[in-house]
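Student: model this:
(one chain, ligands or ions: 1)
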Amino acid sequence: MGLFGIYGAPDASRIIYYGLHALQHRGQDTAGIVTFNSDGEAFNVSGRGRVNEVFTESNLSKMEGILGIGNVAYDGMLHPSVHCQPLFFRHMSGDYAIASDGCLVNASLIRDWLEDRGSLFQGESDAELLAHLIKKEKPGPRIFTIVDALNMMEGGYTFLILTKNRIYACRDKFGIKPLCLGRLGNAYVISSESCSFELIGAKFIRDIEPGELITIDHHGIRTRRYSQFQRHKLCAMEYIYYSRPDSDIDGCNVHSYRKESGRRLYQEAPADADIVIGVPDSSLSAAMGYAEASGIPYEMGLIKSKYVGRTFIEPSAAMRENGVKMKLSALPSIVRYKRVVLVDDSLVRGTTCTNIVKMLREAGASEVHVRIASPMTKFPCYYGVNNSTHSELLCNDKSLRQVCIALGADSVGFLSPESAIASCRGRKELCLGCFTGEYPTMIYKNEYEDID
Ligand code: SF4
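Tutor: Residues are numbered from 1 along each chain as shown. Take a look at the predicted model:
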């Protein structure tokens, strides 16, 4: 999911529109924007579809105000928290809206606690939980109730909270989810990824720190730590797959990370081959790194259609398979009679990779050596990144040889967890939960049926 907010710009809704457009890769199923005008009147537009399907010249032109927040999301999350955010709430102390990225791991405990105290919920979103927690407390400075609420929440999350005159932005204390701050003229912007700043002409200021809560209003920016506990366990998949290559997260550029991971992948899993190709788009940087380190020529052996979405967000296995065929095709004139190193960013269910190996063989490749620029994905994610269960993960119960056979490849190799961290220069820790089974937070097992 992608979050974007702005304070202090006329026509805030249009800037949010472009900000969300740059974050479209983080979710293509729903989009929404909420703004407030100077009279405290709220404007709320959200719906199913991509940003350019939900918003039109007509509905954007009616959204007044210099401050607002927006969200893009996909449906396929383990913990369902998508209800066309931002969620908008009316309350006697003032209307407000909340947008969230990620998942709480103690959501059901908090929900039970709130229901015991009379709360009624419309959905299962973490944003709705936060809204109830904030309003459960006695009237007082809102910041204290937000701090108390955040301290009850455990998981990988970022939230944007919008009131009629203020934006609050926070990042989980483990730093699992990314969030950054920028400047656009006199306005401040907040985004899940820095790539959106480039599009709107904003300047990157800094990442929001783990456990940090910032307030933006007519006084400017104020910051506080809502938790003294702080880790830097950014989701490794943000670097490996999820984020755009032109984003910088926690001081490391995503493309540079992927290229370095490709170089390290060659050191750890060399292959004797004629060409290196990458799976577009997220594996191209790692393939370049692999080619550079190995001296094997980098080639464009696969073409991606621009008009089909990411396959892991499709709801059924059958649709995913069709999705692979619709979005990728092999170039016979490039791969025919060649020993090919196929670099992919990660191996989750294996559907896409298996189909690509088959496609390359049909296009005439004499050998296909699969190299994955991340460790084996053996465990589910509880922070909202992928929605695969244990049994759906190809590597869950297989040896390297069994994975190779399942993919139909001539050989297969993975990046080590150590190199997944070391690819981000100077970094000592990342969340590698889905690779190693060691999660940064507690996992409340009663929430999930599939932990076996
Ligand atoms: S478990 Fe995996 S996908 Fe989930 S936050 Fe950690 S590294 Fe990212």
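Student: Strands of the stretch 101-250 of the chain, residue ranges please.
Tutor: Here the stretch 101-250 of the chain has its strands, by DSSP state E, counting those that start in this stretch, at 155-163, 166-171, 180-184, 187-191, 203-207, 212-217, 220-225, 248-249.
Student: Dump the ones you listed to CSV, plus mean pLDDT.
Tutor: Formatted as CSV, the strands of the stretch 101-250 of the chain follow (pLDDT from 0 to 100):
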stretch, mean pLDDT
strand 155-163, 97
strand 166-171, 98
strand 180-184, 98
strand 187-191, 98
strand 203-207, 98
strand 212-217, 98
strand 220-225, 97
strand 248-249, 97
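Student: how about those in TSV, adding mean neighbour count and distance to residue 127?
Tutor: Where you see a C-beta, it was placed from the backbone N, CA and C, and this is true even at glycine. As requested, those are arranged in TSV below (neighbours: other Cβ atoms under 10 Å; distance: least, Cβ to Cβ, whole Å):
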stretch	mean neighbour count	distance to residue 127
strand 155-163	25	7
strand 166-171	25	12
strand 180-184	20	20
strand 187-191	25	16
strand 203-207	15	22
strand 212-217	20	16
strand 220-225	13	21
strand 248-249	22	23
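Student: Would you mark the buried spots in stretch 225-242?
Tutor: 226-227, 231-242 (16 or more other Cβ atoms under 10 Å).
Student: out of the residues you listed, who's near the ligand?
Tutor: Counting by Cβ under 6 Å from any ligand atom, 235-237 from the buried residues of stretch 225-242 sit close to the ligand.
Student: Give the single residue among the residues you listed positioned nearest to the ligand.
Tutor: Minimum distance to the ligand across those is 3.2 Å, recorded for residue 235 (Cβ to the nearest ligand atom).
Student: Thought residue 384 was touching that closest one, still the case?
Tutor: No - in this structure residue 235 lies outside contact range of residue 384 using Cβ atoms under 8 Å: 9.3 Å.
Student: so what does the longest helix along the chain touch, helix or strand wise?
Tutor: Longest helix in the chain, counting residues (DSSP state H): helix 254-268. Applying 3 or more Cβ pairs under 8 Å, 6 or more residues apart in numbering; DSSP states H and E, one finds that helix 254-268 contacts helix 284-294, strand 367-372, helix 417-422.
Student: if you set the cut-off to 10 Å instead, what comes out?
Tutor: Taking 3 or more Cβ pairs under 10 Å, 6 or more residues apart in numbering; DSSP states H and E as contact, the helices and strands that helix 254-268 lies on are strand 248-249, strand 275-278, helix 284-294, strand 339-344, strand 367-372, strand 411-414, helix 417-422.
Student: if we can go back for a sec, would you format the buried residues of stretch 225-242 as CSV with pLDDT included?
Tutor: What follows is these, written out as CSV (pLDDT from 0 to 100):
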residue, pLDDT
226, 96
227, 94
231, 95
232, 96
233, 98
234, 98
235, 98
236, 98
237, 97
238, 97
239, 98
240, 97
241, 96
242, 96
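Student: Can you redo these as TSV, where the extra columns are distance to residue 279?
Tutor: Output for those, formatted as TSV (distance: Cβ to Cβ, whole Å):
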residue	distance to residue 279
226	40
227	38
231	31
232	29
233	27
234	23
235	20
236	18
237	15
238	18
239	16
240	12
241	10
242	15
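Student: next one: phi and psi at residue 331?
Tutor: phi -100, psi 100 (degrees, to the nearest 10).
Student: For the nearest residue to it once chain neighbours are set aside, give me the pLDDT.
Tutor: Excluding the flanking residues, the one nearest residue 331 by Cβ to Cβ, 6 or more residues apart in numbering is residue 301, at 5.5 Å. Residue 301 is assigned 95 on the pLDDT scale.
Student: residues contacting residue 301?
Tutor: Going by Cβ atoms under 10 Å, 6 or more residues apart in numbering, residue 301 touches 275-280, 287, 330-335, 338, 340-342, 356, 359-360, 363, 365.
Student: Residue 183 now?
Tutor: With contact set as Cβ under 10 Å, 6+ apart, residue 183 has these partners: 8, 189, 197, 202-205, 221.
Student: farthest-separated two in the residues you listed?
Tutor: Largest separation among those by Cβ to Cβ: 8 and 204, giving 16.9 Å.
Student: Distance of the nearest residue to residue 246 once chain neighbours are set aside relative to residue 53?
Tutor: The spatial neighbour of residue 246 that comes closest, neighbours along the chain excluded (Cβ to Cβ, 6+ apart), is residue 195 at 4.8 Å. Look at residue 195 and residue 53: by Cβ to Cβ, to the nearest Å, they are 21 Å apart.
Student: If any of the contacts of residue 301 are buried, put those into a ChimeraX selection.
Tutor: Buried members of these, defined by 16+ other Cβ under 10 Å, are picked up in ChimeraX with:
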select :275,276,277,278,279,280,287,330,331,334,335,338,340,341,342,356,359,360,363,365
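Student: So in terms of bridging, what pairs with residue 344?
Tutor: Counting by DSSP bridges, residue 344 forms beta bridges with residue 372.
Student: what's around it, how many residues?
Tutor: By other Cβ atoms under 10 Å, 23 other residues sit near residue 344.
Student: quick one: pLDDT of the residue nearest to residue 279 when sequence neighbours are not counted?
Tutor: Nearest residue to residue 279, sequence neighbours excluded (Cβ to Cβ, 6+ apart): residue 344, at 4.7 Å. Looking at residue 344, its pLDDT stands at 98.
Student: Residue 123 too?
Tutor: Model confidence at residue 123 (pLDDT) stands at 88.
Student: now it: how far from residue 129?
Tutor: For residue 123, the distance to residue 129 equals 10 Å [Cβ to Cβ].
Student: repeat for residue 335
Tutor: Noted for residue 335: a distance of 50 Å to residue 129, by Cβ to Cβ.
Student: List the contacts of the nearest residue to residue 375 once chain neighbours are set aside.
Tutor: Using Cβ to Cβ, 6+ apart and skipping the chain neighbours, the partner closest in space to residue 375 is residue 435 (3.9 Å). With contact taken as Cβ under 10 Å, 6+ apart, residue 435 is in contact with 236-237, 240, 346, 374-379, 395, 414-417, 420.
Student: ok, these vs residue 294, which is closest?
Tutor: Nearest to residue 294 among these, with distances taken as Cβ to Cβ, is residue 415, at 14.5 Å.
Student: Which pLDDT value belongs to the nearest residue to that closest one once chain neighbours are set aside?
Tutor: Sequence neighbours aside, residue 265 is the residue nearest to residue 415 in space, at 5.0 Å (criterion: Cβ to Cβ, 6+ apart). Listed pLDDT for residue 265 reads 98.
Student: Use 652 as the first number from now on
Tutor: With 652 as the first residue, the last one maps to residue 916.
Student: OK, contacts around residue 916?
Tutor: With Cβ under 10 Å, 6+ apart, residue 916 has these contacts: 922, 937-938, 940-941, 944-945, 992, 994, 1022-1025, 1064-1067, 1070-1071, 1074.
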